[in-house]
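In: give me a model of this one.
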Amino acid sequence: MPPGTSKGLYPLTHSMSPRLHPRLYHGCYGDIMTIETPGASCDITRLINCGIRGSEMFAEMDLKAIKPYQTLIKEVGLRYCVDPALIAAIISRESHGGTVLQDGWDHRGHKFGLMQLDKQIYKPVGAWDSKEHLLQAVGILTDRIKTIQKKFPTWSVAQHLKGGLSAYKSGADAIVNPVDIDNDLVNDLLARAKFYKRHGF
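Out: Below is the predicted model of the structure:
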């Protein structure tokens, strides 16, 4: 076991100085850069904008909108020991950095904020692009990852992370076996996260 990784405690050198070592900090839930992903799935409706290149293209389109939140994303990532690049990827996929929202809500008025929390499941906290919102949403994400860790103790670190990302949207009950975590959402998020990691998140 590498030094500083015992029992999932985050190494001080990684957690305390993300500005000095942006490549080193990947939080407590695995290193996204080592997790294989095919990117967004290709189907009849998405023959061009799919795969890793498609995911990266969407991530790049959202980069300008997400950049202003970079410091906030890193701060919340540190608080919850979650890779900031993953948070950026969720913001990209869910709200395109807030650019498609109307007063913080999706077009149907069901989901709120940068990370799009469903009002039927959660009571939104704070303004749609606030630290409070990000803390709530990332807190939910980490709860989901921990639930998957408990539910499937023999799974790998990568599977726990994928399960948590999937459960962030579908809930942990929807995950029964490894096939359930190998989906478009998870593959797209991981590809986008790798892009954001290379761009300083």
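
In: so is the spatially most central residue of the chain in a helix, a strand, or just coil?
Out: Closest residue to the average C-alpha location of the chain: residue 86 at 3.4 Å, with C-alpha atoms, centre = their mean. What DSSP: H, G, I helix; E, B strand; the rest coil gives for residue 86 is helix.

In: pretty sure it is touching residue 194, no?
Out: No: taking contacts as C-beta atoms under 8 Å, residue 86 lies outside contact range of residue 194: 9.9 Å. Quick note: C-beta positions are derived from backbone N, CA and C, even for glycine.

In: so what sits against both of these two?
Out: residue 32 (C-beta atoms under 8 Å, 6 or more residues apart in numbering).

In: scan the protein for its longest helix.
Out: helix 131-151 (DSSP state H).

In: what's it packed up against?
Out: helix 70-80, helix 84-95, strand 117-118, helix 157-170 (3 or more C-beta pairs under 8 Å, 6 or more residues apart in numbering; DSSP states H and E).

In: ok, now with 10 Å
Out: helix 70-80, helix 84-95, strand 111-112, strand 117-118, helix 157-170 (3 or more C-beta pairs under 10 Å, 6 or more residues apart in numbering; DSSP states H and E).

In: mind listing what's buried in the last one?
Out: Of the residues in helix 157-170, those with enough neighbours to count as buried (16 or more other C-beta atoms under 10 Å) are 158, 159, 160, 161, 162, 163, 164, 165, 166, 167, 168, 169.

In: what's that helix packed up against?
Out: helix 84-95, helix 131-151, helix 184-198.

In: ok, the third one next?
Out: Helices and strands in packing contact with strand 111-112 are listed as helix 84-95, strand 117-118, helix 131-151; criterion 3+ C-beta pairs under 10 Å, 6+ apart.

In: which other helices and strands contact the second one?
Out: Okay, so that is strand 117-118. strand 111-112, helix 131-151.

In: got the CA positions of stretch 37-55 in PDB?
Out: Output in PDB follows, covering the C-alpha atoms of stretch 37-55 (Å, rounded to 0.1, in the frame of the first residue of the first chain):
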ATOM      1  CA  THR A  37     -13.900   4.700 -19.900                       C
ATOM      2  CA  PRO A  38     -15.300   4.600 -23.400                       C
ATOM      3  CA  GLY A  39     -16.900   8.100 -23.000                       C
ATOM      4  CA  ALA A  40     -20.400   8.900 -24.000                       C
ATOM      5  CA  SER A  41     -22.200   6.000 -25.700                       C
ATOM      6  CA  CYS A  42     -22.800   6.000 -29.400                       C
ATOM      7  CA  ASP A  43     -26.200   5.200 -30.800                       C
ATOM      8  CA  ILE A  44     -28.300   6.100 -33.800                       C
ATOM      9  CA  THR A  45     -29.000   9.600 -32.500                       C
ATOM     10  CA  ARG A  46     -25.300  10.300 -31.500                       C
ATOM     11  CA  LEU A  47     -23.000   9.000 -34.100                       C
ATOM     12  CA  ILE A  48     -20.600  11.900 -34.100                       C
ATOM     13  CA  ASN A  49     -20.800  13.500 -30.600                       C
ATOM     14  CA  CYS A  50     -20.000  10.300 -28.700                       C
ATOM     15  CA  GLY A  51     -17.100   8.300 -27.300                       C
ATOM     16  CA  ILE A  52     -14.300  10.000 -25.400                       C
ATOM     17  CA  ARG A  53     -14.000  12.700 -28.100                       C
ATOM     18  CA  GLY A  54     -17.700  13.500 -27.800                       C
ATOM     19  CA  SER A  55     -17.500  13.800 -24.000                       C
END
